[in-house]
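*Asks:* Okay, sequence plus prediction incoming.
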Amino acid sequence: MSFVMVAALVARMAQPEPSTIIVTHRFSSPVCGGLCQDTDLKVRSDGLVELHLSDPVIGSKWHKDFEYRISQQQYANFVAAYSKIRPSGLVARLDGCDPVTLVIDFDIRWEDSGPPSRLLACRGEDLRRAYLDGFRALGINVVGGKLTPEDDEVLSR
């Protein structure tokens, strides 16, 4: 193994893992008003965003996967949107869960240098607000996964 390869390996090992927020949202309402999608969103501090959309009504026949690069400011805005609901440790707010479907609507995990945090919850205005504000901070349309027009303009500069 050459010196360059060893140096590259050591440099890679010395870099800390990026902080990550993982948001899993499951559609659980008995009535679909046109937006019946499950969402898996992974946002990393190094700017990588992965989004998986699927439709629980149709099943595995419909799904879309997206990958984006975001700025440090967008990441900071996303973290700020979710910091308002970040618990200390594992918190389960299961009041309001649908007893028929037994689906937990939100599973949110914070993986960083801080204490482990995970929120399992069903309903709540604070959850809905963080979810929508988070997508807005990223410049991603929550319905179809497309970049919003404002970000298309920013990215093309």
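*Replies:* Noted; the coordinates are in hand. Numbers count the residues shown, from 1 in each chain.
*Asks:* What residue, apart from its backbone neighbours, is nearest the residue most central in space within the chain spatially?
*Replies:* With distances taken as CA atoms, centre = their mean, Leu41 lies nearest the centre of the chain, 3.0 Å away. Spatial nearest neighbour of Leu41, excluding adjacent residues (CB to CB, 6 or more residues apart in numbering): Val23 at 4.4 Å. To be clear about C-beta, it is placed using only N, CA and C from the backbone, and glycine gets the same treatment.
*Asks:* Tell me the gap between stretch 89-97 and the middle of its chain.
*Replies:* 18 Å (CA atoms, centre = their mean, to the nearest Å).
*Asks:* Do a quick rundown of the helices in this structure.
*Replies:* 3-14, 72-83, 125-138, 149-155 (DSSP state H).
*Asks:* and the second one, which residues are buried?
*Replies:* Neighbour-count burial for helix 72-83, counted by 16 or more other CB atoms under 10 Å, picks out Gln74, Tyr75, Asn77, Phe78, Val79, Ala81, Tyr82.
*Asks:* Run a quick check on the last one versus Ile21, I expect a contact.
*Replies:* Yes. Taking CB atoms under 8 Å as the contact criterion, Tyr82 and Ile21 are neighbours in contact, 5.8 Å apart.
*Asks:* who touches both of these two?
*Replies:* Shared contacts of Tyr82 and Ile21 (CB atoms under 8 Å, 6 or more residues apart in numbering): Ile108, Trp110.
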